[in-house]
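Student: fold the following for me, if possible:
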Amino acid sequence: MTRDEFRRLAQNLLLVDGATGSNLMAMGMPRGVCTEAWVLEHKEVLQRLQRAFIEAGSRVIYAPTFGANRCNLAKHGLENQIREMNLTLAGFSREIATDGVLVAGDISPTGRMMQPMGDMTYEKAFEIYQEQVRYLAEAGVDLLAVETMYQIEETMAAIDAAHSVCDLPILCTVTVEADGSIFTGGNATEAAMSFEAAGADAVGVNCSVGPDQLVSVIRNIREHVTVPVIAKPNAGMPQIDDSGKAVYSMGAEEFARYMRDLVEAGASIIGGCCGTTPEYIRAVAEMLKKVGLDN
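Tutor: The predicted model follows:
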């Protein structure tokens with residue numbers, strides 16, 4: 001997909017998918033494993049989940065490549081398998097993407113802090129992202145999703161790296177507190193403006209909090225950028241039960257009601273993050289239809 005094609009598509013509301021990690025754990029993935037390696041051995045589980053999202057109304061699914069960069073894979077001794085993993089994992093999603101459904105190559109933080117808080121430099125981050133983007137483009141993804149970012153400079157390195165490799169549309173989202181602040185400094189609005197200036201095709205927030213806490217954050221972003229705004233929140237705030245599992249506080253219908261508020265605040269690319277199952281995406285799709293916002 002070209003960036004011009006994406007801009008035309010994003011003129012209307014675009015419903016993307018829900019959570020991958022929390023759903024895979026509910027479907028049998030053990031805690032503490034390398035998600036990407038586990039998915040390689042459980043293709044049918046990943047595809048069952050993504051088919052459910054498509055049936056619920058998702059027009060974009062995120063390939064299970066979230067942690068498939070060299071820095072993250074090195075923690076599991078898998079850095080030499082990076083090309084194979086990105087091509088294969090993106091291929092799993094492409095296999096089941098029906099007509100009209102797009103596949104996003106999912107890109108995550110490296111997990112290392114940028115200088116001066118840590119030892120990661122812009123140049124090194126650029127190289128890490130450039131490598132993964134090259135393989136995702138080779139795999140034939142339709143767009144790139146740089147998500148759950150918490151360092152503005154690292155995200156800028158990812159955007160610049162993507163532009164150096166391909167002309168795929170780039171979606172960028174940061175994870176924030178309810179007031180819009182970013183863990184390492186700055187806020188969602190400042191980040192969104194920087195990402196747009198760097199060439200991102202859509203900007204916004206994902207993860208961290210529920211949709212009920214993001215209305216002012218989304219409204220502020222919408223007032224300061226011209227590209228589409230993304231809202232992909234969690235299913236409310238999680239509580240840890242006696243077995244150590246995260247239990248999310250918001251049900252699907254409530255989630256959908258608050259997602260309408262985010263649409264009215266200016267979000268036009270919407271979906272869910274941690275705790276959101278296909279049931280949540282279906283509820284959002286039904287909400288959009290009821291209020292005449294579906295396409």
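
Student: count of neighbours near residue 165?
Tutor: Neighbour count for residue 165, taken as other CB atoms under 10 Å: 18. The C-beta positions use only the backbone N, C-alpha and C, and glycine is treated the same way.

Student: roughly how far does the residue at the greatest distance from the centre of the chain sit from residue 281?
Tutor: Relative to the average C-alpha location in the chain, and by CA atoms, centre = their mean, no residue lies farther out than residue 242, which sits at 29.0 Å. For residue 242, the distance to residue 281 under the criterion CB to CB, to the nearest Å works out to 29 Å.

Student: pLDDT value on the residue farthest from the centre of the chain, please?
Tutor: Listed pLDDT for residue 242 reads 70.

Student: quickly find the element holding it.
Tutor: Assigned by DSSP states H and E, residue 242 belongs to neither a helix nor a strand.

Student: how about the strands of the protein, start to end?
Tutor: Taking DSSP state E as the criterion, the chain contains strands spanning 14-15, 60-62, 102-107, 143-149, 170-174, 202-206, 229-232, 238-240, 246-248, 267-270.

Student: CA atoms only for the fifth one - export them in PDB, please.
Tutor: Read it as strand 170-174. Extracted as PDB, the C-alpha positions of strand 170-174 are listed here (Å, rounded to 0.1, in the frame of the first residue of the first chain):
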ATOM      1  CA  ILE A 170       3.700   4.500   9.200                       C
ATOM      2  CA  LEU A 171       1.400   4.500  12.200                       C
ATOM      3  CA  CYS A 172       3.000   5.700  15.400                       C
ATOM      4  CA  THR A 173       1.600   5.400  18.900                       C
ATOM      5  CA  VAL A 174       3.000   6.100  22.300                       C
END
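
Student: could you list the paired strands of it along with their orientation?
Tutor: Here the strand partners of strand 170-174, with direction, are listed using DSSP bridges: strand 143-149 (parallel), strand 202-206 (parallel).

Student: most tightly packed of those strands?
Tutor: Mean neighbour counts were taken over those using mean count of other CB atoms under 10 Å, and the top value, a mean of 29, falls to strand 202-206.
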